[in-house]
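# Fold the stuff below for me.
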Amino acid sequence: MVLSTFDNVIFEKIISKILEKKCEIDPLSMRYETIKLLLGYLEKNNMDQYGKLRDYLERYFKEEIMEHYEDYIDNKIYVLNETLLMMEEVKDMYKFNGGDFEKGNFSVVYNYYNTYYRKEEILKYLYLNVGQEKLDSKRRISEYKSRQMKEMLKDKREKGERGKAERKQKIYDLLWDAGLFITNGLYEVDYYVENGGELDDKLITKILKKAERMIKKEREQEVRRENLKEQLERYDCWDKKKDRMCVNYINGVGEYSLKDVVNYVRDMKWLEINTEYKIMLRNGVQIEKYDSLLGKYVVTREFDNIFNNYGDMIKTYAVEKLLVNKGWDRELLGDVPPLIRKRIDEAIRKRERNDYLVGEIERERELKREELRERELEKKRKRREEAKLRREQDKKGNDKKVVVKEA
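Next comes the predicted model:
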């Protein structure tokens, strides 16, 4: 037999060539099947070469094949067929189209999101029906079309950017000619630059009017900002410029005057430095629990406070605690902002009002006690009268009994 003339080196080179064949679309399962057929032939016709092939395969695979070499090879083929590719991977790697998927009659594996194909089936189809040369040709055509599409999209994008730049320049020239130095923030301008259209007189008039209003607003904001900065720096409060009330004043939100904003900021800074306002606010002191520190009668009898919201209530409470710590001597507080003076007056007024209310309540209690005493005395008087009346009635009854016996 011809095979018996092969020496070991040549024989191993042939088998290695089969197993390590360098071809992208040559399926490995088909090479295993070739080895399987060769093993079957040698087992029947040349046991010497059969043994050599078995020894070489064990060295090649680095594991012992044992007796059931057909099962071993079949298992290798089974593992290969378990390797899956997504549909998009098949289209991208092997340039499949709809017709290829229909002709191949492939096994399909589904999950919730993708469709998968067995890689070995795809490779067999390519190997038998397409070939490496045709696959390379498909790829070249696909890459060429892809380059064309990219160039076309690039040209379209560059053309669009040039159009936007030209439209933007038109708007710039229009605004600069009108002395309106503004470039951003106008919806009509942005829409025209992005989408094109006709720059007619109506649109031009609309853009110019909006630009004038916007520039006027920006100038007013700048004036308010400078005025606010000057006033706050005078009281060393410019570090509070990011406070919401300052921002609203600069943007023209609300009806605050410059004086209101400055007094508010001074009020806040003084409270943060001198009182426990921030801690109290963070700990959630409730409005309904607020009362003078000297008594529990303000909430019971009246709640007359010059401030209306929760934050202001806590500020007044913080000032009152500070006054208590200072022994109610307002001179120890030094020069204070206007709003703090109001809060001090409110706390002192509450103290005085509390003292009055304490006296009123004591007087009411004394009146109540007097009424109770009068009621008790009246009850005692009535009981004495009733007892006297019963005694008199009993006495008359006894006199009648005596008269009857004598008769």
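
# any idea how far residue 340 is from the residue nearest the centre of the chain?
Taking CA atoms, centre = their mean, the centroid of the chain lies closest to residue 244, which sits 22.3 Å from it. Distance of residue 244 to residue 340, computed by CB to CB, to the nearest Å: 20 Å. (Each C-beta comes from the backbone N, C-alpha and C, glycine too.)

# Over to residue 187?
From residue 187 to residue 340 the distance is 46 Å (CB to CB).

# So for those two, which residue has more residues nearby?
A count of neighbours by other CB atoms under 10 Å puts residue 340 above the other of residue 187 and residue 340, at 22 against 9.

# how about that one, what does it touch?
267, 270-271, 319, 333 (CB atoms under 8 Å, 6 or more residues apart in numbering).

# Throw together a PyMOL command that grabs the buried residues out of those residues.
Applying 16 or more other CB atoms under 10 Å to the contacts of residue 340 leaves a buried subset, and the PyMOL line that selects it is:
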select buried, resi 267+270+271+319+333
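
# Please narrow the contacts of residue 340 to those residing in helices.
Among the contacts of residue 340, the members falling in helices (DSSP state H) are 267, 270-271, 319.

# separation between residue 174 and residue 188?
The gap separating residue 174 from residue 188 is 12 Å, by CB to CB.

# Give me the residues contacting stretch 58-75.
15-16, 19, 32-33, 35-36, 39-40, 54, 57.

# For residue 324, state which of those residues is nearest.
Nearest to residue 324 out of the contacts of stretch 58-75 is residue 32 (CB to CB; 94.7 Å).

# Next up, the contacts around residue 104.
121-122, 125.

# The stretch 201-350 of the chain: helices as residue ranges?
201-234, 244-251, 258-274, 277-283, 298-301, 310-325, 338-406 (DSSP state H, counting those that start in this stretch).

# The first one packs against which elements?
What that stands for is helix 201-234. With contacts taken as 3 or more CB pairs under 8 Å, 6 or more residues apart in numbering; DSSP states H and E, helix 201-234 sits against helix 132-177, helix 187-195, helix 244-251, helix 258-274.

# gap between the shortest one and the chain center?
This means helix 244-251. 26 Å (CA atoms, centre = their mean, to the nearest Å).

# What lies in contact with it?
Counting by CB under 8 Å, 6+ apart, helix 244-251 makes contact with 221, 224-225, 228, 232, 240, 253-254, 256, 258, 261, 264-265, all of which sit outside it.

# Ok, the last one next?
When contacts are defined by CB under 8 Å, 6+ apart, helix 258-274 is touched by residues 224, 227-228, 231-232, 235, 237, 240, 243, 245-246, 249, 256, 277-278, 315, 318-319, 322, 333, 336-340.

# Buried subset of those residues as a PyMOL selection?
Selection of buried members from the contacts of helix 258-274 for PyMOL, criterion 16+ other CB under 10 Å:
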select buried, resi 224+228+231+232+237+240+243+245+246+249+277+315+318+319+322+333+336+337+339+340
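
# Show me the domain layout of this protein.
Using automatic domain parsing, the domain parsing of the chain gives 1-82, 256-372.

# now residue 119, nearest residue through space, not along the chain?
Leaving aside its chain neighbours, residue 119 sits nearest to residue 83 (4.4 Å; criterion: CB to CB, 6 or more residues apart in numbering).

# how many neighbours does the one you found have?
Residue 83 has 13 nearby residues by other CB under 10 Å.

# My guess is it contacts residue 120. True?
Yes. Counting by CB atoms under 8 Å, residue 83 does reach residue 120; the two are 7.0 Å apart.

# As CSV, the domains of the chain with mean pLDDT and distance to residue 116 would be great.
Putting the domains of the chain into CSV (pLDDT from 0 to 100; distance: least, CB to CB, whole Å) gives the following:
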stretch, mean pLDDT, distance to residue 116
domain 1-82, 78, 11
domain 256-372, 74, 58
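
# got those domains as CSV, with distance to residue 104 columns?
Converted to CSV, the domains of the chain look like this (distance: least, CB to CB, whole Å):
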stretch, distance to residue 104
domain 1-82, 13
domain 256-372, 70
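
# Now do the closest residue to residue 25 other than its chain neighbours, the pLDDT please.
Computed as CB to CB, 6+ apart, the closest residue to residue 25 that is not its neighbour in sequence is residue 126, at 4.1 Å. Residue 126 is assigned 87 on the pLDDT scale.

# what sits against residue 126?
Going by CB under 8 Å, 6+ apart, the list of residues near residue 126 reads 25, 94, 135.

# Give me the distance between it and residue 137.
Between residue 126 and residue 137 the computed distance is 13 Å (CB to CB).

# Just give the number of residues close to residue 362.
By other CB under 10 Å, the residues close to residue 362 number 10.

# start at 119 instead
Sure thing, new numbering starts at 119, so read that last one as residue 480.

# distance of it from residue 487?
If you go by CB to CB, the gap between residue 480 and residue 487 works out to 10 Å.

# swap in residue 508?
Distance of residue 508 to residue 487, given as CB to CB: 32 Å.

# before we move on, the earlier item: wait, which of the domains of the chain is closest to residue 232?
The closest of the domains of the chain to residue 232 is domain 119-200. By CB to CB, the value is 16.3 Å.
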